[in-house]
Each structure stands twice: as C-alpha cells, then as structure tokens.
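K.L.:
Sequence first, predicted coordinates after that:
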Amino acid sequence: MTSQFSGKFLLPLIISMWIPASGLHAQQATTGYQPKTRLLFIMDASNSMAGQWEGGRKFDIARNILMDMVDSLEGNPNVEMALRIYGHQSPVPPQDCNDTKLEVPFSPNNAARIRQKLKVINPKGTTPIAHSLEVSPGDFPPCSNCRNIILLITDGIEACDGDPCEVSRQLQKEGIILRPFVIGIGNDPGFRETFHCIGEYYDAPGREQFREALRVVITQALNETSAQVNLLDADRRPTETDVNMVFYDTFSGAIRYNMIHTLNGRGNPDTLSLDHLSTYRVVAQTIPPVSADRWDLVTGRHNTIGIDAPQGHLVVKTGRGESYDNEKILVKKAGEPATINVQKMGQTSRYIAGKYDLEIPIYPLMIVKDVEIRQSYTTTVEIPVPGLVTFKSPQPGAGALYQLTPGGDQLWVLNLGEQTATQAYYLQPGSYRVVFRRSDRKSASDSQIREFKVNSGSSETIEFR
C-alpha cells in the first residue's frame, strides 16, 4: 500500500490492521410478509363471448369455470375478490367504449355475490379493455398492506381507441397494481403478441386449458415463496450482515421493501417472505453500495441470491489528545473524485474491501491515497499529534500561512482571519512561514515574516509588532 499526501513531501503516518477476536454477530429480525391479496377479475362480456366454443357459449363456459375458482377462494381470510365486467350494458351497434362497470366491489365474504352477478350477465357489447384497466385503480380501496392483482379474461383485442399496453405500464410504474395476468380464450394466434405487453399471458384454446390457466394464475398469485439474500465475504461465505437492503421493482423502479439484513440464531441469513410477482433489483447499503440488478423469484420454492459484499473497517485518529475530535473525513474510492462517505475522526466505519482515498480537512490539508480495506480487518490511519500555534498582533490584519518543503518551496495552508488580532490553529508537525501585515499599516513594505517549527504536542505563540 502506498500513502501520499498533498504537497511535495510526506508527513509521518501509521496504518495498522487487526482481526477482531469475537467474530460476527447479528440479532434476528422479524421479516414475515403476510399481506392481503386483492384479486380483481375483469371479465369480457362483449358480443363475441356469445359465440360457440366447445359445445357451448364462450361466456357460459368461462363463467362456470371462474365460479368454481371463486368457490375455492371463498373463506380464505387473506384474499378479497371483486368483479368488473365490460361489454354487457350496451349492444353493438352502436359502439359504447365506456361500457365497463365494477359489478361487485371488494369486501369480505362476497363470493356468493360474484357468482350471482355472473349468472345474470348476457354478453352483447364492445371490448373497451384499455378503459377498463384505466378505471380499475378506483376499484381498489386504500390499503397499506395489500397486493393488488388484476386477472383479465377476454376473447378479443381492444375494440376502442385506447392502448391497453400503455395503460398497464403506467399503472404498474405508479405502483397501483402488480403485473396483471391475462387469459386469452380461443385460438387467435395474435393474442400472445397483443396481450403480453399488458401482463403475464396464458393461452386457453379450450375449456380444459382455460381451467388450467386459471388454476396456474391463482397459484402464482397466492403461493408463498421464501427467499434469502447472502451477503458474501471474500471467501464467498454468507457472513456479512447488518446493512439495509432495498428491494426495487425492476419494472416500475418503485421501492417494495426496506429490510436490515440479519443472521438468524444459527448464523445463517434470515428467511424472507417476498412478493414473487415482482422482479427485483436488490441494493445492499454498504459503503459503497453493492447490488444484484435482477432477481426473478421462482414460485413455491426457496430462492437464494448472492451479492459480493466483503467488508472491513476504517478508523482515523491521532496518537493522543482530542485536537481533531470534531473533524470530518471525506472518503472516496481510490482514483475517483466523488465522495462516498463522510466519516468522523475517531469513528470506526465499515467499507467494501478495496482501496480508498481520504481527504482529511486539517492544517495542512492531508490527502491519504490507496488506503486498503481488507475483509474482517480494521485499518487504522493514525495522524501525527498536532501542535497549537497562536498568532498575536496589536491590531488585526491580513496574513497567509505556508508550509516549507525540504526543497525550499512554500505550500499555502490558510489565510489568517482579518478581523481578529489573536487567533490559534492546530498545525501538523513541520516547518512553516507566516506573512502578516497589520490593517493600520498602509505599505506593503510593512509586511512581517516569521518562520517557525511545529512539534507534536507543542504550543507556541508567534507575535507581530
């Protein structure tokens, strides 16, 4: 490791490392995820649904299978259902592109109402899919712990001027709904291309395929899926912990979860319950952050993702005294200009293993380059103890302080305060030159020059006439 300071010569610096004897420890956290799932069935009742399909009307067959599914969900305390229907109020012609209605709103134990409504619907109108999706956010009452899922059942494409794909994208980006499910009834080969942009699409060319597609969709929506995030150390072991994890929905960019990573009582990463209908970008809030850009959960399985996060510690301090206790250090990745953390002098902070540059705002300004952070070590940067120098004058004035280099150059350190006759500064050990002129002296030739040395822990006064 090399250490370099601003200026043309080096000051003394001590960098040391130690391995903690106690090892890693984390307190187990509760991460259970038990939201209420709200299923909004959007059912096509346009005139094409009155057509024949495997010995019966499309609508009747789809309705009966849907009612069976509604029966199976009845009594589940974590599920609420609602029914929106389009194309059932106005016949064609003429075309009514506002023909969509929430027939059964969300409420507990409303399965019987949904079944009753489905029994009396007669398909007759047009197909306003985009408008039905557009007004669907109003179907979901406010809820802080709910998953809003739409299941669209249709045998035709958009018949009005709307763009169902754009409406669905916007609703997902705004976090109003999760990615919708779409079941296409019939044999139209263009359905998949048409509806895939709306949501997760399933073909149903026949009644049994429709029944299976509906079963798969409900299973996808309701299955519990467990997961864990392994924060890997330099040996690829999941031992890193105690940092916040931010889970972003990759489609909308919205934050879905914030969780402090935890090791359970056995020292293993805690099991998380995540909504598997989202694809995630996971950011571990280490310094600097590390991430996994895409994580697709597999329904009904325990999912594991590993993120490289080897960490060590850094502390910057002086050998003795409290001279710099309030100073803040700017930490940057080696060779990069951006500050990634502001660390207090004497404080111990964790960083991803690697090399860093430190900017320490003392006098003179100190730049320490290529400080190496290693897995499970504490790197200590020890700054020499400063000396206290007091400048005194009968009158305030203007002045500049320089550090003298072995080559005879002078490096600017600071300008003295012009409103104060007496002022004191902590300075690092070394040789200095100060140039000063009293404010009541009006000639440049009245400038006074003093040279002096500062030793660690020393205290001296520089007086001007």
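P.N.:
Arrived safely.

K.L.:
Pull up the gap between residue 389 and residue 150, please.
P.N.:
Separation of residue 389 from residue 150 (CB to CB, to the nearest Å): 72 Å. Yep, even glycine has a C-beta here, placed from its N, CA and C like the rest.

K.L.:
Give me the more crowded residue out of these two.
P.N.:
It is residue 150, of residue 389 and residue 150, that has more neighbours when counted by other CB atoms under 10 Å, with 28 against 21.

K.L.:
Now the phi/psi pair for the spatially closest residue to the more buried one that is not a sequence neighbour, please.
P.N.:
Counting by CB to CB, 6 or more residues apart in numbering, residue 180 is the residue found nearest to residue 150 once chain neighbours are left out, at 4.0 Å. Note on residue 180: backbone dihedrals following degrees, to the nearest 10 are phi -70, psi 160.

K.L.:
I'd say residue 180 and residue 168 touch.
P.N.:
Yes: between residue 180 and residue 168 there is a contact at 6.0 Å, judged by CB atoms under 8 Å.

K.L.:
what's the overlap in contacts for the two?
P.N.:
Contact criterion CB atoms under 8 Å, 6 or more residues apart in numbering; residues shared by residue 180 and residue 168: 133, 198, 199.

K.L.:
re earlier: what's the burial count for the residue nearest to residue 150?
P.N.:
The number of residues packed near residue 180 is 24, by other CB under 10 Å.

K.L.:
quick revisit: are any of the shared contacts of residue 180 and residue 168 buried, and if so which?
P.N.:
By neighbour count, with 16 or more other CB atoms under 10 Å, the shared contacts of residue 180 and residue 168 hold 133, 198, 199 as buried.

K.L.:
Please give me every residue in contact with the second one.
P.N.:
What it means is residue 198. Residues counted as contacts of residue 198 (CB under 8 Å, 6+ apart) are 129, 133, 152, 164, 165, 168, 180, 182.

K.L.:
Likewise for residue 232?
P.N.:
By CB under 8 Å, 6+ apart, residue 232 lies in contact with 238, 239, 240, 306, 307, 308, 309, 310.

K.L.:
In helices, which of the contacts of residue 198 appear?
P.N.:
Applying DSSP state H to the contacts of residue 198, the entries found in helices are 129, 133, 164, 165, 168.

K.L.:
Please check the residues you listed and keep the buried ones.
P.N.:
Buried among the ones in helices among the contacts of residue 198 (16+ other CB under 10 Å): 129, 133, 164, 165, 168.

K.L.:
quick one: the strands in the stretch 351-465 of the chain?
P.N.:
For the stretch 351-465 of the chain, strands defined by DSSP state E, counting those that start in this stretch occupy the ranges 354-360, 366-373, 378-383, 387-392, 397-404, 410-416, 422-427, 430-438, 448-454, 459-463.

K.L.:
Could you export the ones you listed as CSV, including mean pLDDT and distance to residue 38?
P.N.:
CSV is the format used below for the strands of the stretch 351-465 of the chain (pLDDT from 0 to 100; distance: least, CB to CB, whole Å):
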stretch, mean pLDDT, distance to residue 38
strand 354-360, 97, 46
strand 366-373, 97, 47
strand 378-383, 95, 50
strand 387-392, 96, 68
strand 397-404, 97, 69
strand 410-416, 97, 64
strand 422-427, 96, 63
strand 430-438, 97, 70
strand 448-454, 97, 71
strand 459-463, 96, 72
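
K.L.:
from the ones in helices among the contacts of residue 198, which is closest to residue 77?
P.N.:
Proximity of those to residue 77 (CB to CB) peaks at residue 133, which lies at 28.0 Å.

K.L.:
is it true that the closest one touches residue 169?
P.N.:
No: counting by CB under 8 Å, residue 133 stays clear of residue 169, with 10.3 Å between them.

K.L.:
Do I have it right that residue 178 meets residue 279?
P.N.:
No: contact between residue 178 and residue 279 fails when scored by CB under 8 Å: they sit 10.8 Å apart.

K.L.:
Could you list every helix and strand in contact with the strand or helix carrying residue 131?
P.N.:
In this assignment (DSSP states H and E), residue 131 forms part of helix 129-135. Helices and strands touching helix 129-135, by 3 or more CB pairs under 8 Å, 6 or more residues apart in numbering; DSSP states H and E, are strand 79-86, strand 100-107, strand 146-154, helix 164-173.

K.L.:
Could you pull out the buried residues of the second one?
P.N.:
Read it as strand 100-107. 100, 102, 103, 104, 105, 106.

K.L.:
still on that earlier bit, nearest to residue 95, of the buried ones among the ones in helices among the contacts of residue 198?
P.N.:
Of these, the one sitting nearest to residue 95 (CB to CB) turns out to be residue 129, at 13.6 Å.

K.L.:
pretty sure that closest one contacts residue 152?
P.N.:
Yes: look at residue 129 against residue 152 with CB under 8 Å: they come within range, at 7.1 Å.

K.L.:
Give me the phi and psi angles of residue 65.
P.N.:
The phi/psi pair for residue 65 (degrees, to the nearest 10) is phi -70, psi -40.

K.L.:
How about residue 48?
P.N.:
Dihedral angles (degrees, to the nearest 10) for residue 48: phi -70, psi -20.

K.L.:
So, low pLDDT: which residues of this structure?
P.N.:
Counting by pLDDT under 70, the chain has low-confidence residues at 1-34, 321.

K.L.:
Assess the claim that residue 230 and residue 238 are in contact.
P.N.:
Yes: counting by CB under 8 Å, residue 238 is a contact partner of residue 230 at 3.6 Å.

K.L.:
Of residue 178 and residue 279, which one has the most company?
P.N.:
Between residue 178 and residue 279, residue 178 has the larger neighbour count (other CB under 10 Å), namely 22 against 14.

K.L.:
Tell me the spacing between residue 272 and residue 230.
P.N.:
12 Å.

K.L.:
what do you get for residue 438?
P.N.:
Residue 438 is 67 Å from residue 230, by CB to CB.

K.L.:
same deal with residue 455?
P.N.:
Applying CB to CB to residue 455 and residue 230 gives a distance of 51 Å.

K.L.:
before we move on, what about residue 218?
P.N.:
Counting by CB to CB, the gap from residue 218 to residue 230 is 31 Å.

K.L.:
Check the contact lists of residue 230 and residue 238 and give me the overlap.
P.N.:
Common neighbours of residue 230 and residue 238 (CB under 8 Å, 6+ apart) are 269, 306.
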